[in-house]
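1. Sequence and computational prediction follow.
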Amino acid sequence: MTLRVTMLGTSGAVPTVERNPTGIALNRDGRRLLFDCGEGTQRQMMRYGTGFDVTDVCITHTHGDHVLGLPGLLQTWDFNDRTEPLTVHVPPGEREAVRTLVRANGNETGYQVEYAEVAPGEIVLSGDGFEVRAVAVDHRSTAVGYALVEEDRRGRFDREKAEQELGIEPGPKYSKLHRGEAIEHDGETIHPEQVVGPARPGRTVVYSGDTRPASGIERAAADADLLIHDATFGEDMAERAAETGHATAREAGELASRADVDRLVLTHVSSRYAGDEAALLSEASAAFDGECTLAHDGLEIEVPLPE
Ligand SMILES: [Zn+2]
């Protein structure tokens, strides 16, 4: 069951030669989602081969560096004769703004596009064994973050015990037990707990969008496998980060540490650090013991299933 995140764009508000404006492709077992869609996102999708059959675009907020790629991408899908409907999820109150942006050239797409507003705490979409929820953040404009949360997986099936201790032949009885149903065997009732371990947690991936360190993100990211967080500035610009509704790399690291996430990816890097970004990584790493990565365009992250 693959869960792969590709960082399509990792710049702050102003792109650089190395960094495109924000976009994140997520592929869970073939279901493709896009988080934010800065200018040029469609070419980054081609460059990094993330596939175009996206079902949902989840927008964190309507600042240009997160949405200006939408009109072009939606037009390309139209040129490609897309027929599948698309849902664009936007923060509360932003439906008309995004719809107006996409329709600015007056063209209607040949496929259906739905614009859905999502408030923090709401389920944005659900798929086979997972859902995406909107998360409260703290930015200067109306904004949300997103958390992809997988359902718990079934416990491990103790085949050795079933076969050797209980003498049950491999077959349909195994799947019944694994599904949580009791079976009759040799005149005895065998309960699933006898051969199936406790449910195992699924994976959680959280994307903050642009934000100050926010309690909503911290809660959503508790024990998460992956947190992708705003790290626009370094310590030298901590005041500016507070003024502009962004986080510093150190603040991202501190939040990741409090939430006890496995892996932190820093993104939305201000162009002022171009060529001199190592400090951001060390400032975050000083505050966070887990795996910490400074995102670059094209960074691919496979999120493994926990044992
Ligand atoms: Zn931004």
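-> Everything's here; your move.
2. CA only for contacts and neighbour counts going forward, please
-> Noted.
3. got a pLDDT number for the most far-flung residue of the chain relative to its centre?
-> Centroid-distance maximum for the chain: residue 187 at 49.2 Å, with CA atoms, centre = their mean. At residue 187, the pLDDT value in this model is 89.
4. how close does it get to residue 162?
-> Distance of residue 187 to residue 162, computed by CA to CA, to the nearest Å: 15 Å.
5. and what of residue 137?
-> From residue 137 across to residue 162, the span is 48 Å (CA to CA).
6. Name the residue in these two with the higher neighbour count.
-> Ranked by neighbour count (other CA atoms under 10 Å), residue 137 and residue 162 place residue 137 first, with 25 against 20.
7. Assess the claim that the more buried one and residue 143 are in contact.
-> Yes - counting by CA atoms under 8 Å, residue 137 does reach residue 143; the two are 6.5 Å apart.
8. any shared contact partners between those two?
-> Counting by CA atoms under 8 Å, 6 or more residues apart in numbering, no residue touches both residue 137 and residue 143.
9. Run a quick neighbour tally on the closest residue in space to residue 2 that isn't next to it in sequence.
-> Excluding the flanking residues, the one nearest residue 2 by CA to CA, 6 or more residues apart in numbering is residue 29, at 4.9 Å. Here the number of neighbours of residue 29 (other CA under 10 Å) works out to 11.
10. do residue 154 as well
-> 16.
11. One more: residue 86?
-> Residue 86 has 18 neighbouring residues, counting by other CA under 10 Å.
12. which strand residues sit across from it in the sheet?
-> residue 113 (DSSP bridges).
13. Please report the distance of it from residue 296.
-> 28 Å.
14. same thing with residue 45?
-> From residue 45 to residue 296 the distance is 14 Å (CA to CA).
15. If you drop the residues flanking it in sequence, what lies closest to residue 16?
-> residue 271 (6.3 Å).
16. Next, count neighbours for that neighbour.
-> Residues lying near residue 271 (other CA under 10 Å) number 20.
17. ok, it - contacts?
-> Contacts of residue 271 (CA under 8 Å, 6+ apart): 11, 12, 14, 15, 16.
18. mind checking how far the helix or strand hosting residue 281 is from the chain centre?
-> Here residue 281 sits within helix 278-287, counting by DSSP states H and E. Relative to the centre of its chain, helix 278-287 is centred 22 Å away, using CA atoms, centre = their mean, to the nearest Å.
19. Who are the packing partners of it?
-> If contacts are counted by 3 or more CA pairs under 8 Å, 6 or more residues apart in numbering; DSSP states H and E, helix 278-287 sits against helix 249-259, strand 291-294.
20. Mind doing that once more with 10 Å?
-> Packing contacts for helix 278-287, counted by 3 or more CA pairs under 10 Å, 6 or more residues apart in numbering; DSSP states H and E, involve helix 249-259, strand 263-267, strand 291-294.
21. if we compare these, which one ends up closest to residue 154?
-> strand 263-267 (24.2 Å; CA to CA).
22. Paired strands for the closest one, with orientation please.
-> Sheet partners by DSSP bridges: for strand 263-267, these are strand 226-230 (parallel), strand 291-294 (parallel).
23. Residue 207 versus residue 143, what's the distance?
-> Distance, residue 143 to residue 207, using CA to CA: 12 Å.
24. shared neighbours of those two, anything?
-> Shared contacts of residue 143 and residue 207 (CA atoms under 10 Å, 6 or more residues apart in numbering): 60, 134, 135.
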